[in-house]
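>>> Everything below, folded, please.
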Amino acid sequence: MRLPFLLTLPRVLRHSAAVGADLPPDEAVVVDAPDPALRAALTSAARGDHGPARTLLAATREHAQWELRDGYVSRLSSAALHNPGWLDAWQAELPDDPDAALVDAALRIDRAWEIRTADRADQVSRDQFRAFFALLEDAVPVIGRAAELNPADPVPWRIALTHAVGSQAPRPVFDDYWAQVMARDPHHYGCHAAALQYLCAKWHGSHEEMFGFAEGAADTAPPGSKLHALPLFAALEYAVLSSGAPDEGPDPHAHRVDAAVARALDLSAAYGPGSPEAAGFRNCLVLMLLRAERWEEALEAFRSIGARATRYPWAYLGDDPRQEFLDTRSGVRVHLAARTPFFGRPAPSAAAPGPAPEWAPGAPCAVAIAAARPADVAQAALVCGVSLRTAPATDTHTYVEAVADARPAKRSLLSTEDPLTTAADNFTTGEKWPTLVLRRTPERCGFTLFLKGRPLAAHEWDAAAPAPDHTAVTATAEALSHAFALDDPRPLAHVLRSTGDPPRHQADLLAALSLPPLPPGFGDRPEVLGTLPGARVLARRGLLAGVRSTLITPDGAHPAPPGSREPRGAGWWLLRVLGLLLFTAAAVLGWSPPEVRPVRGTAAALVALYLAVRLVRAWRWRRTRGAAAVAPDEPPAPVNPPGPQRT
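So this is what the prediction gives:
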């Protein structure tokens, strides 16, 4: 551990809770969250019903909402990638439907890229490339048919531009596609983004050409158009994703990168906090601000993003875009906390006050079901650093939920997990009983299985997402059956593969595991165990206090609240008063001339001070407890009853 880290650690622990305290919780962050209409269409498609998707795309075509249409088509094609039955039924019912043909065209490109993967060319095998190019070749007539069925639509030409990137189409072909786009919608954002990829240096262009194209599109874009963020995407491709900046010498495009960031900041200011339209370029803006070490502005960008993470650009940084987003956001908070003076205050948010953020009404909920008695869970959780509420679920199972602390524990500030997951990781360590942490938000439901302090399996149901991979689901089902001593994991796998109704699938899983049902009200509010019979709160303790409670709590008993104790007896008072007098006299003698003995005098003074503090605390506790014992149940009536008074 390096010395600079040790020097800044006290500041991090002191200020981390305050820096970015207004950000949405990690559990609320969603990658590429769909709007309600799209979510309904994706949910119905997962059940095999193409009706809502057909209605959704027909409305965008009739009203010429090409930007919205492009986003909807991309999400629907992703949903059809592993569950194409609803799209096949749609095309069989309406073979000349331009909307179905458009989704099919996008699906052909997605299938090709799934085989090729997003790896660099030197990491893709020859067989993958052969299959990739074959699928792209098969997609050409499908894209052409989608364009013929709706000639005014620019979205088929956006798909054609994406096809040109992968198929290594020559420049005249790209120019022809681009001319078709300009004839239909010269300010179409998706088409410009696809063209930018073709023109970047890692594909078929150069840095100079890419920047020139992006800046030209932004200069001619209408006010407020997302095309003003196109230079930011060019800067991101150049400076971060493609490592285009030279290792030595001046950066020839540094001024263009700075100008792109400034333009994106101005554009972001024109959108409201948490805007879904601005989420795409705001996520990219964060990376560019961090590259320039503009930490305060990066935190403001995270505030403006809210809970709307996007797959691009975080998928370029790791396999889990959401976790990359959360880790980066946590790192910004830690860095700003480390830069704040210990006795200073973090800088307040620069955002103007406005309406409540959109993530507040649907706060994420979490509850755990432990295969143990409440007293056993409470004893195991004494040093978890989180206040918990336990309630009996059955004779052998316990509900557990996190209780909000006014001042959270310092050791939990840097965690990117929800408090209950952090606590379960701790209180299952060394225990033989499994614990299932269940989470629910308005968007999705999920769980994590803990055993002996290790997360063994996790799963998430999302009606707007494709069906999960069979291999992963089988492994999760086997882990659950082993932890809860079930012979056949196949019913569990069936529940995990379901996609239509996440809350129902979550309840079905508990029934299949023979676990108690979820407590009433779960999903409607963060804390639901307070009204259950036998519910008790295990208050958070410090590390030393938790160890002490572990040693003095009898087996099978719920630990007493911190600070609770029996009244002190007469012998306790007598011994400490005599000790105080004795050590006070010893301290006076140790410092009295002519034989001054500093070591003895100091030691005696410290012991006397310790005894004095113990006596004062015990006396205050005794008086407080006595006052509470004699206090009447109701306040006394006033001497003069309310009403008009005579003078």
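
>>> Residues contacting the host helix or strand of Val334, please?
In this assignment (DSSP states H and E), Val334 forms part of helix 321-339. Contacts to helix 321-339, defined as C-beta atoms under 8 Å, 6 or more residues apart in numbering, come from residues 8, 11-12, 14-16, 18-20, 23, 26, 29-31, 283, 286-287, 290, 295-296, 298-299, 302, 309-311, 314-315, 317-318, 346-347, 414, 416. Quick note: C-beta positions are derived from backbone N, CA and C, even for glycine.

>>> Just after that helix, pick out the following helix or strand.
Assigned by DSSP H and E, the successor of helix 321-339 is strand 365-370.

>>> In the helix or strand following that next one, which residues are buried?
Under the assignment DSSP H and E, the closest C-terminal helix or strand after strand 365-370 is helix 374-380. Under the neighbour-count criterion of 16 or more other C-beta atoms under 10 Å, helix 374-380 has Pro374, Ala375, Asp376, Val377, Ala378, Gln379, Ala380 buried.

>>> pLDDT (mean, whole number) over stretch 385-398?
Average pLDDT, stretch 385-398: 91.

>>> Let's see the distance spanning it from one end to the other.
19 Å (C-alpha to C-alpha, to the nearest Å).

>>> where exactly do the strands run in the protein?
Taking DSSP state E as the test, the strands found in the chain are 30-31, 308-309, 365-370, 388-392, 398-402, 435-440, 445-451, 454-461, 536-538.

>>> So which of those is nearest Ala467?
strand 454-461 (10.5 Å; C-beta to C-beta).

>>> Just the buried positions in that closest one, please.
Buried, per 16+ other C-beta under 10 Å, within strand 454-461: Pro455, Leu456, Ala457, Ala458, His459, Trp461.

>>> again, but for stretch 533-543
Ala535, Arg536, Leu538, Arg540, Arg541.

>>> want to throw those residues into a markdown table with distance to His204 and pLDDT?
Shown next, in a markdown table, are the buried residues of stretch 533-543 (distance: C-beta to C-beta, whole Å; pLDDT from 0 to 100):
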| residue | distance to His204 | pLDDT |
| --- | --- | --- |
| Ala535 | 64 | 92 |
| Arg536 | 66 | 90 |
| Leu538 | 61 | 87 |
| Arg540 | 58 | 75 |
| Arg541 | 62 | 74 |
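
>>> Looking at those residues, which two lie furthest apart in space?
Top of the distance list for the buried residues of stretch 533-543 (C-beta to C-beta): Ala535 and Arg541, 19.0 Å.

>>> which regions of the stretch 401-550 of the chain sit below the pLDDT cut-off?
405-417, 464, 466, 542-550 (pLDDT under 70).

>>> Count the neighbours of Asn426 for me.
Using other C-beta atoms under 10 Å, Asn426 is surrounded by 19 other residues.

>>> Roughly how far does the nearest residue to it once chain neighbours are set aside sit from Leu515?
Once flanking residues are discounted, Asn426 sits nearest to Cys384: 4.0 Å by C-beta to C-beta, 6 or more residues apart in numbering. For Cys384, the distance to Leu515 (C-beta to C-beta, to the nearest Å) stands at 22 Å.

>>> I'd like the distance from Ala298 to Arg308, if you could.
16 Å.

>>> Great, nothing more from me.
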